[in-house]
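Trainee: Give me coordinates for this.
(2 chains)
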Amino acid sequence: MFDQQTIIHVLQVSLLGGLIGLDRTALGQFMISQPIVAASLTGWFLGDAVTGLIIGGILELIWVLDMPIGTFVPADSTVFAVSATGIAVLGAGEPGNVPVMGFSLLLTVIMAPATMYADQLMRQRNAKIPELVLGSTGLPTEASATGWHLAGLIAFLLKSFMLCLGLVTCGLVAVKWFIGLPPFLHRAMMLFITFLPLLGVASVSRKLSFTTVDRTLVIGFCVGAVAVQLLHIPVLAAILLAVASGWLGERIDGR
Amino acid sequence: MADELRRVRTVDLLGVFWRSFFIQASWSYARMQSLGFAFALIPVLRRLYPDRQEFSARLAAHMDYFNTQPYMASFILGAAARIEEDRATGRDPGADAGEVKRSLMAPLGALGDSFFWGSLKPLAAVIAVATLFDGSWWAPLLYLALYNVVHIGFRGGLVFAGYALRGDVVALMARFNFAQVARLFKVLSLAVLGGIVGTITLWRPELRMPVPVPGITLASLTIALGLAALFRRGWSPLKLMMGLGIVCLLLALGGI
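Mentor: Just a heads-up that it's a prediction; the model follows:
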């Protein structure tokens, strides 16, 4: 079903997913594993940066505040980002295919419970490591503590690698089927992509504010809309104005 | 002389800082970051306890249950280094780092979760997404830069602050008002979010509606607020995405 080139790409993307996935919990937490970075890296790696940027931007907003607090393990948005980009780029056969992007996102996000289960399984398995370090004497050596602790990295890498491998392989099969479907379904996926950022905005605002209609958000909206539509100011300048309005509101509130 | 040899040096604390990036490498439900904490403290323990038996005993003592926000762990690591130094040099032979670890991990965890995960991360993310929707390819780099300047700065600084303050968290709070800055970051994030929706007509072409819709800007705000209301009613992102997929299918069937 897959030619040799595709198989190599699938393995490369999965390895990339495994490496980037380390940043999620086990190593550094520099936020390279955040969808906006992980998907963009995958897109650049496969030669279609735009697809990676769009998928990453959308997923970032939706999952940015799903936090790993205490024993709670959130859905693995890194795996979604890398796999969805891999599927969209390798499956579409052309850069920037929006309907395939939408379909890939839908496919990977459905697997959220599986990614959470895999993470939980990994962490249960890790519970044995301290006992191995302590050994029968109960006195660890520097070498055993270092060796066993860092072995955890391999386990985390393998977990993300396997998840990406499974998702991308299945996803490519599904995309082949999707491409042959009637045009209205492709149009539905185009609409899906346009609505998802709004879902992301809702997801972030819900967690940052106690009210559904947050005053600062509405002020930012008004400033942004007036700046670009009436004053024809560039978007980034409009966003800066929105930030300034938020800051000003906070200062006035503080008094 | 022996006391001088047993003093923690800057290079040891830098070693702890470097190793703090690996603190969650073997994270588990049973002991969480316990082994990571012990692993990160090795440069200090190596300096303070040249005797192998003593070193192993102290390493084992630091393998107790431990969990906090990984960045804030740096402060506790610094404090533990100072307490171990006091113990090893005989300044305070009965000093127990375990007590400080147990008392600090929960409050610092809550503080770090709220500051780093709950305010800095969304602020960096929404700024990056705003630049991305405008069509800038460097949005991911901006995100990494905005986030990591603060993250790495804090992580390094907290090791040394923890050592200097011997884990005095009140003194740390007096130096930096985490809660106030977190609140400001959240407000700014919401303003940027509003700005993102307000500039929807200029989003990159792939994200624009396939057909021109009059009043799209106001409609977008209404949709976003409607979705936020559904979130508040307990809908998960996954459920809402599925629901949105079905709505889009119906719209496409209707000819939009």
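Trainee: Does stretch B:118-127 reach chain A?
Mentor: Yes: residues of stretch B:118-127 are located near chain A by C-beta under 8 Å from any C-beta of the partner chain, namely B:118, B:121, B:122, B:124, B:125, B:126, B:127. Backbone N, C-alpha and C define where each C-beta goes, glycine included.
Trainee: Export that stretch to CSV, keeping only CA atoms.
Mentor: Extracted C-alpha coordinates of stretch B:118-127, given in CSV (Å, rounded to 0.1, in the frame of the first residue of the first chain):
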residue,chain,number,x,y,z
GLY,B,118,-1.7,29.1,33.7
SER,B,119,-0.5,32.5,32.7
LEU,B,120,2.9,32.7,31.0
LYS,B,121,2.2,29.8,28.6
PRO,B,122,-1.1,31.1,27.4
LEU,B,123,0.2,34.6,27.0
ALA,B,124,3.2,33.4,24.8
ALA,B,125,0.8,31.1,22.9
VAL,B,126,-1.8,33.7,22.1
ILE,B,127,0.8,36.2,21.0
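Trainee: Pull the contacting residues for residue B:57.
Mentor: With contact taken as C-beta atoms under 8 Å, 6 or more residues apart in numbering or on different chains, residue B:57 is in contact with residue A:139.
Trainee: which SS class is it?
Mentor: The local conformation at residue B:57, judged by DSSP: H, G, I helix; E, B strand; the rest coil, is helix.
Trainee: residues contacting the closest residue in space to residue A:90 that isn't next to it in sequence?
Mentor: Beyond its immediate neighbours in the sequence, the residue positioned closest to residue A:90 (C-beta to C-beta, 6 or more residues apart in numbering or on different chains) is residue A:9, lying 5.6 Å away. By C-beta under 8 Å, 6+ apart, the contact list for residue A:9 reads A:46, A:86, A:90.
Trainee: same question, residue A:71
Mentor: In this structure, residue A:71 makes contact with residue B:29, judged by C-beta under 8 Å, 6+ apart.
Trainee: who does the helix or strand hosting residue B:132 touch, helix- and strand-wise?
Mentor: According to DSSP states H and E, residue B:132 maps onto helix B:121-133. Here helix B:121-133 touches helix A:35-46, helix A:49-63, helix A:183-208, helix A:235-254, helix B:139-165, helix B:178-198, going by 3 or more C-beta pairs under 8 Å, 6 or more residues apart in numbering or on different chains; DSSP states H and E.
Trainee: what angle separates that helix from helix A:35-46?
Mentor: Angle, helix B:121-133 to helix A:35-46, by axes from the mean of the first three to the mean of the last three C-alpha atoms, to 10 degrees: 40 degrees.
Trainee: Sketch out the low-pLDDT regions of chain B for me.
Mentor: In the prediction, chain B carries residues with pLDDT under 70 at positions B:1-5, B:210-213.
Trainee: mind giving me the domain split of it?
Mentor: Domain assignment for chain B, taken from automatic domain parsing, gives B:2-103, B:209-256.
Trainee: gap between the first one and the chain center?
Mentor: Pointing back at domain B:2-103 there. In terms of C-alpha atoms, centre = their mean, to the nearest Å, the centre of domain B:2-103 is set 20 Å apart from its chain centre.
Trainee: list the buried ones in the strand or helix carrying residue B:221?
Mentor: Assigned by DSSP H and E, residue B:221 belongs to helix B:216-232. Along helix B:216-232, these residues count as buried under the neighbour rule (16 or more other C-beta atoms under 10 Å in any protein chain shown): B:216, B:217, B:220, B:221, B:223, B:224, B:225, B:227, B:228, B:230, B:231.
Trainee: do the same with stretch A:159-175
Mentor: Neighbour-count burial for stretch A:159-175, counted by 16+ other C-beta under 10 Å, picks out A:159-161, A:163-169, A:171-172, A:174-175.
Trainee: Which residues does that stretch contact?
Mentor: A:1-2, A:6, A:10-11, A:13-18, A:20-22, A:24, A:76, A:78-79, A:82-84, A:86-88, A:90-92, A:100, A:103-104, A:107-108, A:111, A:114-115, A:118-119, A:122.
Trainee: which of the helices and strands packed on helix B:121-133 sits most buried?
Mentor: helix A:49-63 (a mean of 28; mean count of other C-beta atoms under 10 Å in any protein chain shown).
Trainee: Tell me the helix or strand right after that one.
Mentor: For helix A:49-63, the following helix or strand on the C-terminal side (DSSP H and E) is helix A:77-92.
Trainee: now that next one against helix A:35-46, angle please.
Mentor: 30 degrees.
Trainee: Could you see whether chain B lies near the following helix or strand past helix A:77-92?
Mentor: Moving toward the C-terminus from helix A:77-92, the next helix or strand (DSSP H and E) is helix A:98-110. Yes: taking C-beta under 8 Å from any C-beta as the criterion, helix A:98-110 and chain B are in contact, through A:98, A:101, A:105, A:106, A:109, A:110.
Trainee: Considering the residues you listed, which is situated nearest to residue B:35?
Mentor: Relative to residue B:35, the closest of those is residue A:109; by C-beta to C-beta it sits at 33.1 Å.
Trainee: thought the closest one was touching residue A:80?
Mentor: Yes: at 5.7 Å, residue A:109 and residue A:80 qualify as touching, with contact defined as C-beta atoms under 8 Å.
Trainee: who touches residue A:196 in this structure?
Mentor: Here residue A:196 is in contact with A:58, A:62, A:102, A:105, B:241, B:244 (C-beta under 8 Å, 6+ apart).
Trainee: Now tabulate those in TSV and tack on distance to residue B:114.
Mentor: As requested, the contacts of residue A:196 are exported to TSV (distance: C-beta to C-beta, whole Å):
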residue	distance to residue B:114
A:58	26
A:62	21
A:102	34
A:105	30
B:241	27
B:244	30
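Trainee: What is the neighbour count of residue B:95?
Mentor: The burial count assigned to residue B:95 is 18, neighbours taken as other C-beta atoms under 10 Å in any protein chain shown.
Trainee: quick one: is stretch A:114-131 near chain B?
Mentor: Yes: counting by C-beta under 8 Å from any C-beta, contacts between stretch A:114-131 and chain B involve A:120, A:123, A:124, A:125, A:126, A:127, A:129, A:130.
Trainee: of those, buried ones?
Mentor: Among those, the ones that count as buried (16+ other C-beta under 10 Å) are A:123, A:126, A:129, A:130.
Trainee: Next step: the residues you listed restricted to helices.
Mentor: Judged by DSSP state H, helices contain the following of those: A:123, A:126, A:129, A:130.
Trainee: List just the nearest of those residues to residue A:29.
Mentor: Ranking those by separation from residue A:29, with C-beta to C-beta as the measure, puts residue A:123 on top at 15.8 Å.
Trainee: pLDDT and distance to residue A:183 added to the buried ones among the residues of stretch A:114-131 next to chain B, as CSV?
Mentor: CSV is the format used below for those (pLDDT from 0 to 100; distance: C-beta to C-beta, whole Å):
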residue, pLDDT, distance to residue A:183
A:123, 88, 45
A:126, 88, 48
A:129, 88, 53
A:130, 86, 57
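Trainee: Reformat the residues you listed into CSV and put distance to residue B:48 next to each item.
Mentor: Compiled in CSV, these are given as follows (distance: C-beta to C-beta, whole Å):
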residue, distance to residue B:48
A:123, 32
A:126, 28
A:129, 25
A:130, 22
